[in-house]
Every structure is written in structure tokens, then in C-alpha cells.
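Engineer: sequence first, predicted model second:
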Amino acid sequence: MQASFPPYTVDFLIPELNMVIEADGVYGHLRTKDRIRDRKLIETGEILIVLHCKETTKGKIKDFLWRELNKLVKPKQ
């Protein structure tokens, strides 16, 4: 779901994980203004993680998200 963090709007918010996902597509890249926005979102304390997804197909997006979400799970000791 899209969410607003004035003056910013993010593509997807997963509130349970305090995570934002930005769907950048093939033309997306981390420009200076994107890095500034990401840092300001994290500084609010409401967002812990900002992921940028540059994939373009449903399958690749799903694989990307699963890989990134699995990184958040601590391995059992």
C-alpha cells in the first residue's frame, strides 16, 4: 500500500516490519535525492528499512523480496 510521509510518498509500506519498498524499475537508480529521502524516512524512527526494487517482472520481484525478507530472519544457533 502506498503511504505518505510528508513531504514524501512511498510506493509500498509494510508497517509490521517498519519497511518501505520503492519500485524503481529498470530506470531507477539511487540518486542523491533518493538517498536523502531514505535517510530522512529512517530518521523519523517510523521506518527501519528502505528497499529499492529494480526488477521488472512479477517473478523477479517476488524472488527479490523473498531474498531480502529472509535476510531479516536471524539464523537459528
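Structural biologist: Sure, I can see it. Numbers count the residues shown, from 1 in each chain.

Engineer: from now on I want contacts and neighbour counts done on CA atoms only, so please keep to that.
Structural biologist: Fine.

Engineer: where exactly do the strands run in this structure?
Structural biologist: 3-5, 8-10, 12-14, 19-23, 49-53 (DSSP state E).

Engineer: now do the last one against strand 19-23, angle only.
Structural biologist: Spelled out, that is strand 49-53. 20 degrees (axes from the mean of the first three to the mean of the last three C-alpha atoms, to 10 degrees).

Engineer: for strand 49-53, output the C-alpha coordinates as CSV.
Structural biologist: Output of strand 49-53 as CSV, limited to C-alpha atoms (Å, rounded to 0.1, in the frame of the first residue of the first chain):
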residue,chain,number,x,y,z
ILE,A,49,14.4,-0.4,6.2
VAL,A,50,14.1,1.1,2.7
LEU,A,51,14.4,-1.4,-0.1
HIS,A,52,14.8,-0.4,-3.7
CYS,A,53,13.5,-3.0,-6.2
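
Engineer: so what strands line up beside that strand?
Structural biologist: strand 19-23 (parallel) (DSSP bridges).

Engineer: gap between the residue lying closest to Ile61 once chain neighbours are set aside and Gly45?
Structural biologist: Of all residues not flanking Ile61 in the chain, Glu55 sits nearest, at 5.5 Å (C-alpha to C-alpha, 6 or more residues apart in numbering). As for Glu55, its distance to Gly45 is 28 Å (criterion: C-alpha to C-alpha, to the nearest Å).

Engineer: between those two, which is the more surrounded one?
Structural biologist: Neighbours per residue, other C-alpha atoms under 10 Å: of Glu55 and Gly45, the larger number sits with Glu55, 17 against 9.

Engineer: quick check: end-to-end length of stretch 21-35?
Structural biologist: 14 Å.

Engineer: likewise stretch 4-22?
Structural biologist: In stretch 4-22, first residue to last residue: 13 Å (C-alpha to C-alpha).

Engineer: may I have stretch 62-77 exported as CSV, CA atoms only?
Structural biologist: Only the C-alpha atoms of stretch 62-77 are listed here, as CSV (Å, rounded to 0.1, in the frame of the first residue of the first chain):
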residue,chain,number,x,y,z
LYS,A,62,8.9,-11.9,-5.7
ASP,A,63,12.3,-13.5,-5.7
PHE,A,64,14.0,-10.2,-4.7
LEU,A,65,11.5,-9.6,-1.9
TRP,A,66,11.9,-13.2,-0.5
ARG,A,67,15.7,-12.8,-0.5
GLU,A,68,15.6,-9.5,1.3
LEU,A,69,13.0,-10.6,3.8
ASN,A,70,15.0,-13.8,4.6
LYS,A,71,18.0,-11.6,5.4
LEU,A,72,15.9,-10.1,8.2
VAL,A,73,15.4,-13.5,9.9
LYS,A,74,18.2,-14.4,12.3
PRO,A,75,19.6,-17.9,11.7
LYS,A,76,19.0,-20.4,14.4
GLN,A,77,22.1,-21.0,16.6
